[in-house]
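[1] sequence and predicted model, in that order:
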Amino acid sequence: MENKYLQNTLLKPRDAAQMLNISRSLVYQLIRSGEIPVVRIKSTVRIKAKDLEVFIEKSQHQKDIQLSLF
């Protein structure tokens, strides 16, 4: 993400789930495990778009490593 506005965008877990094509409950599991960092604003949970991008890159890198083992 090149655009600074997009990097500072805060996403709802529902939005992150749609972007990753996974369930919202799995997003919450990833948040609880610390794999996706969050910003808490009172009782709400938001995910920085930049942090989601980092999560995707890490996940892709781990997948590439697993594939190279076979």
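    That came through fine.

[2] what's T9 sitting at in phi/psi?
    For T9, the backbone dihedrals (degrees, to the nearest 10) come out as phi -70, psi 140.

[3] excluding covalently adjacent residues, which one is nearest to it?
    Nearest residue to T9, sequence neighbours excluded (CB to CB, 6 or more residues apart in numbering): A49, at 4.3 Å. In this view, the C-beta of every residue, glycine as well, is placed from N, C-alpha and C.

[4] so which residue is dead centre in this structure?
    L52 (3.1 Å; CA atoms, centre = their mean).

[5] so what touches the longest strand belonging to the chain?
    Longest strand in the chain by number of residues (criterion: DSSP state E): strand 44-48. Strand 44-48 is contacted from outside by 7-13, 15-16, 27, 31, 36-40, using CB atoms under 8 Å, 6 or more residues apart in numbering.

[6] the bottom helix or strand of this protein by mean pLDDT?
    For the chain, using mean pLDDT, DSSP states H and E, the weakest element among its helices and strands is helix 4-7, scoring a mean of 62.

[7] just checking, next helix/strand downstream of that helix?
    Towards the C-terminus, the helix or strand next in line after helix 4-7, according to DSSP states H and E, is strand 10-11.

[8] other SSEs contacting that next one?
    If you count contacts as 3 or more CB pairs under 8 Å, 6 or more residues apart in numbering; DSSP states H and E, strand 10-11 packs onto strand 44-48, helix 49-68.

[9] make it 6 Å
    Judged by 3 or more CB pairs under 6 Å, 6 or more residues apart in numbering; DSSP states H and E, strand 10-11 is in contact with no other helix or strand.
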